[in-house]
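Q: Quick one, fold the following:
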Amino acid sequence: MKLLIFLLVLFSLLGCEDKFDNRVTDELRWLLIADPEEDFEKSIADGDLRFVGVIGMSRTVPYFDEKCVTEEKVRFIQISDMVNSYEQEKLQAIAPIYAENFNLYMLKHWNAHGIKRCDS
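A: Have a look, this model is predicted:
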């Protein structure tokens with residue numbers, strides 16, 4: 001009986017993990033066709049001057065001082081701590097490369113317009 005309960009719990013957890021994997025993969029699929037330069041230009045046109053970071057088990061924001069990260073200055077691409085498929089791993093590998101390229105354009109814009117990354 002205990003074995004049956006254990007197996008039921010295990011299979012239900014595995015099903016949840018698969019749904020989470022699919023959700024993360026679906027949410028990152030836009031990276032396959034993303035263009036950091038075009039996205040930067042659209043952000044500027046929309047008045048969005050935030051950098052892009054990647055967050056999972058840890059967070060990283062290329063070209064941005066970690067101690068200055070706020071929601072007003074950085075938006076994050078959420079990745080998963082556990083990779084369960086090749087597709088998900090591929091998309092998660094693209095995320096930091098996208099952020100680095102996007103942020104290079106944003107850094108140049110901030111520098112050209114005298115915008116400070118930290119208030120201190």
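Q: ok, residue 101 touching residue 36?
A: Yes - the pair residue 101 / residue 36 is scored as a contact, 3.8 Å apart, by C-beta atoms under 8 Å. Yep, even glycine has a C-beta here, placed from its N, CA and C like the rest.
Q: Return the list of helices and strands in contact with the host helix or strand of residue 104.
A: Here residue 104, judged by DSSP states H and E, is contained in helix 86-112. On a contact count with 3 or more C-beta pairs under 8 Å, 6 or more residues apart in numbering; DSSP states H and E, helix 86-112 meets helix 2-28, helix 36-45, strand 51-55, strand 74-78.
Q: Could you report the pLDDT at the most centrally placed residue in the chain?
A: In the chain, the centroid-proximal residue (C-alpha atoms, centre = their mean) is residue 77; its distance is 1.7 Å. pLDDT for residue 77: 95.
Q: How about it: which residues does it bridge to?
A: Beta-bridge partners for residue 77, by DSSP bridges, are residue 54.
Q: pLDDT weak spots in the chain?
A: For the chain, residues meeting the criterion pLDDT under 70 lie at 1-22, 24, 119-120.
Q: re earlier: return the residues in contact with the residue nearest to the centre of the chain.
A: Residue 77 makes contact with 28, 31, 52, 53, 54, 55, 95, 98, 99, according to C-beta atoms under 8 Å, 6 or more residues apart in numbering.
Q: how much space is there between it and residue 111?
A: Between residue 77 and residue 111 the computed distance is 23 Å (C-beta to C-beta, to the nearest Å).
Q: Let's verify residue 47: helix, strand, or coil?
A: Put simply, residue 47 is coil when judged by DSSP: H, G, I helix; E, B strand; the rest coil.
Q: That one - how many residues pack around it?
A: As a burial measure, residue 47 scores 6 neighbours (other C-beta atoms under 10 Å).
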